[in-house]
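Undergrad: Sequence first, predicted model second:
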Amino acid sequence: MKQDGNNSNPFSLKTRLQRLKRDSNRWSVLTLTIVIFLALPIIFIGVELFSGPGETWSHIVTYLLPEYIWNSLYLVLFCSILVLLLGVSSAWLVSRFDFLFRKQMEWLLILPLAIPSYIVGYAYAGIFDYGGSLDLLLRQLNLDFIRIDIMNRAGLAFVLSISLFPYVYVSARAFFLNQANNLLEASKVLGVGERKTFFRLMLPLARPAIVAGLVLVLMEVLNDYGAASYYGVNTFTTGIFRSWFSLEEPETAVYLSALLIVIVFALILFEKWQVRKLKFTSSKTNSKQMQRKTPKRSVQWLLFSIVFLPVLLGFLLPVGQLLYWAFLTASTVFDMQFLMISLQSFGIAISSAVLTVFFALLLIYFSKWSNIRSIKNIARIGVLGYAIPGAVIAIGIMIPTLALDKWLIGVLGNFGIDSGLIINGTLMVLLYAYAVRFLAVAYNPIESTALKVDNSIPDSSKVLGVGNLKTFFKIEFPLIKTGVFSAVILVFIDVMKELPLTLILKPYHIDTLAVKAFEYASDEMVMEAAIPSLFIIFTAMIPVIFLNKLLIKK
Amino acid sequence: MLTIDALSKSFDKGKNYALDNVTFNLKAGDVCAIVGESGSGKTTLVRLIAGLERPDNGSILLDDKVIASVNKFVQPEKRKIGLVFQEYALFPHLTIFDNILYGISKLKNKKVRAQDMLDLVGLSGMEKRYPHQLSGGQQQRVALARALAPEPSLLILDEPFSNLDAMLRTQLRNEVFEIIKKTEVTVLFVTHDTQDALSVADEILILQKGKVVQKDAAANLYVKPNNLYVASLFGSTIHINKNIQNAFQCPLKETCCHAIRNEKIKVNPSSNNFDCEYITTAEVIKKIELGDSVQLLLKLESGEQLTVMTQATNIEDVIHIGFNSKDILEFNEDAV
């Protein structure tokens, strides 16, 4: 008994279509739907481009765009250099040498990540301000002729670098610790010295890992709004805000957003190219971690101070300044309203973390259950939101929801109902925006724990007569719980810290701690910004330490 | 009960085929082994039968119903096929008992059935343990019990013994098939070890580069292999090429390909009274003492090297070797 098409070419169009019909299931359709749903903001920006630029666009192109481009380029370059110096050197020193307080330094170096860069910016503004901490110190030393102004482009670049370098530190250290050991041993056996080993062997090998961390830093640099606006530096992101809020020209905001997307994708392509070009490191983790050298006491002190400097600048100094301010302003800032804002912040962060993790799980498992291979690749598009600056996502959501509301008002108006804005400015829209922005933050840890579960486990469940959903709840979920849990925590931190997207999309009557800190700072009340800032830092710090433990275990 | 018809599967859109036009069928109650080198498509074949992969072409019929073809696909959970994975794939967070219960939760007397299964594989008393608390062999038996619990019409074992060392392997193989015989289930059994296949299978299917090269009773495969690959799977074999034909002065049909098993090559250490049809002299390059026998690496005058075994002890530097025409294996040239 021959089936039709048996002797024909299995990859003829006819059999391909037959198989596509056989293999497409509701999971394929659902995966596509979710991906499109998450990509809507970007799609809308693309669509809006066709409606032409706003009235001021030509003015902006002539007078402001060169400045935006030049400033963004300056920040990207300056931050790259500084972040690489700080991140790679500290990662190498803590992986290769044993010195005083090395263990403590290893996790202290991650802590700057707990402070959003705009808050580091406020703290440094306070330190360097006229009559600020540094000024007072210099006056004590009769050195008050020294004045350093950091409220400029270079100051902003310093602030961003010092708060973002841990991205490079973390990925470089993970590489040095887990992948580099046998190469290091080979190099030692060949009699190559320490310096040459680092520059000729370790640095080139670690390049993909370092570039991956660097690209994260640069995305954050381009995403930053709070610090740039406080330091008065015009970047793409502040430009988007200006054209949206001051000029009230959505078309211009869209055009700037589209340009920014192009820059971000160029960065991603650069990373992919670097990683592909240099993929000679084994993907398997070496079981043996790197052996550390213990140098002389005096050298140990030197190493300690090199590694301590970024911790001091990126964490201790800013937190010290904020604590000092908090002490001064505690009586005025703490009130019922502040308590409410903290609770709202927590509530929003937790619900969006759960929602985002839910979307990540749907995307990971629906695409797995879909039997069409291209669907599995398409699922990854949903993750790209992390690369898109928050302000851009916000614009991409604001424009269609406003249009939809306008339409709804018109329709309901016909029935004599005065509805007002129904969709725009609701909590649901804000939560959706967080999900778009932070999907990757949830997706990656869940995916990597899911990959550790051998396929034969769910497969054997299916062979035993149990369907996809039930297999997920009875077998897969219990095995990936830790990944899901850390994903919730990671998204929670990111939402707590998030500023630009929240500023544009938050409901009128709701505030978050980040927004409150920003408002204080923009109202010339930067001291009052200290307490909400410290709240954010301390809620973010606990999980950062916890996650470092996970990283060390890996 | 199982019919595979022109089954093909490619993982790179037709550039290479993991399975290429595979056709065979299986009678109810048979134990059939699938043998082949790694990469020959064995695992792909059983995954297709179990429904864990989808065919690019051809069809699979179970009890005369199409379960997979280009336009039909029955989900693995609806196929009622038992599968024991190479790595056992026990659910690590469930007890042994719950692992066995997992596939029969809809059964009325599921607990009795699960207990029976545990008894069958000789693990009663271990119900409350978790998979990681068991030895490899015990895990293997739990996997078997779990697969047999829903009374599948077909049981597939994918390289079930490859994770075990040689001693344990033989013992466990006998145990497992002892258990299987009691259930009278039809068995498809993947292995790269011909010993496994020969000792338990009624029939053996040989796969080479995704194609079926032979399907035969175990005894026939040794005596009448279809090609050199099949012959070599069941013991090292030497291809009798032109140089070797000349050395032994044995003219053979040009249109056919010939081979001889190493163990059929006789060694005459003393150069007198050698009763072989085809004889030549060879230089001994290396002697490896293997306790009760000696392995010799020989070099013919033409430069060909070959390995033979002998029990003789007084080996000179140059010896005579030979073989008889009845031991020559003959296959069609194009089957190589």
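TA: Received it, and whenever you're ready, just let me know what you need. Numbering: from 1, shown residues only, chains lettered A, B, ... in the order given.
Undergrad: For stretch A:499-508, which outside residues touch it?
TA: Identification of contacts with stretch A:499-508 by CB atoms under 8 Å, 6 or more residues apart in numbering or on different chains yields A:116, A:118, A:223-226, A:237, A:241, A:244, A:389-391, A:393-395, A:397-398, A:425-427, A:429-430, A:433-434, A:437, A:512, A:514-515, A:518. For the C-beta atoms, the positions are set from N, CA and C on the backbone; glycine is no exception.
Undergrad: end-to-end on that stretch?
TA: End-to-end distance of stretch A:499-508 (CA to CA, to the nearest Å): 15 Å.
Undergrad: pLDDT averaged over the longest helix anywhere in chain B, what's the number?
TA: The single longest helix within chain B, with elements called by DSSP state H, is helix B:166-183. Across helix B:166-183, pLDDT averages out at 85.
Undergrad: Who does residue B:286 form a beta bridge with?
TA: residue B:297 (DSSP bridges).
Undergrad: I'd assumed residue B:297 was in contact with it.
TA: Yes: look at residue B:286 against residue B:297 with CB atoms under 8 Å: they come within range, at 4.0 Å.
Undergrad: Go ahead and list the helix or strand containing the nearest residue to residue A:234 once chain neighbours are set aside.
TA: Counting by CB to CB, 6 or more residues apart in numbering or on different chains, residue A:234 lies nearest to residue A:67, which is 5.3 Å off, once chain neighbours are set aside. Using DSSP states H and E, residue A:67 falls within helix A:65-96.
Undergrad: And that helix, what's buried?
TA: For helix A:65-96, the neighbour count (16 or more other CB atoms under 10 Å in any protein chain shown) marks A:65, A:68, A:71-72, A:74-76, A:78-80, A:82-84, A:86-96 as buried.
Undergrad: Low-confidence bits of the stretch 1-150 of chain A, can you list those?
TA: Scanning the stretch 1-150 of chain A for pLDDT under 70 picks out A:1-8.
Undergrad: Share the number of residues neighbouring the closest residue to chain B within the stretch 351-500 of chain A, please.
TA: As assessed by CB to the nearest CB, chain B sits closest to residue A:464 within the stretch 351-500 of chain A, at 3.2 Å. Residues contacting residue A:464 under the criterion other CB atoms under 10 Å in any protein chain shown number 26.
Undergrad: mind listing what the closest residue to it other than its chain neighbours touches?
TA: Spatially, and ignoring its direct neighbours in sequence, residue A:464 is nearest to residue B:103 (3.2 Å; CB to CB, 6+ apart). By CB under 8 Å, 6+ apart, the residues touching residue B:103 are A:464, A:465, A:466, B:146, B:147, B:149, B:150.
Undergrad: List the residues that contact the residue lying closest to the third one once chain neighbours are set aside.
TA: Spelled out, that is residue A:466. Of all residues beyond its chain neighbours, the one nearest residue A:466 is residue B:77 (5.8 Å), with distances taken as CB to CB, 6+ apart. By CB under 8 Å, 6+ apart, residue B:77 lies in contact with A:462, A:463, A:464, A:465, A:466, A:467.
Undergrad: any idea of the pLDDT on the nearest residue to the fourth one once chain neighbours are set aside?
TA: By the measure of CB to CB, 6+ apart, the closest residue to residue A:465 outside its immediate chain neighbours is residue B:77, 4.8 Å from it. Reported pLDDT at residue B:77 in the predicted model: 90.
Undergrad: neighbours of residue 319, just the number please.
TA: With no chain named, the answer covers chain A. 24.
Undergrad: wait, I meant chain B there
TA: Close neighbours of residue B:319, defined as other CB under 10 Å, add up to 22.
Undergrad: Looks to me like it is in a strand.
TA: Yes: with DSSP: H, G, I helix; E, B strand; the rest coil as the criterion, residue B:319 is located in a strand.
Undergrad: Is it in contact with residue B:282, as I believe?
TA: Yes: using CB under 8 Å, residue B:319 makes contact with residue B:282 at a distance of 6.1 Å.
Undergrad: joint contacts of these two?
TA: Common neighbours of residue B:319 and residue B:282 (CB under 8 Å, 6+ apart) are residue B:298.
Undergrad: Can you tell me the number of residues neighbouring the residue nearest to residue A:477 when sequence neighbours are not counted?
TA: Spatial nearest neighbour of residue A:477, excluding adjacent residues (CB to CB, 6+ apart): residue A:484 at 7.6 Å. Counted with other CB under 10 Å, the neighbours of residue A:484 add up to 18.
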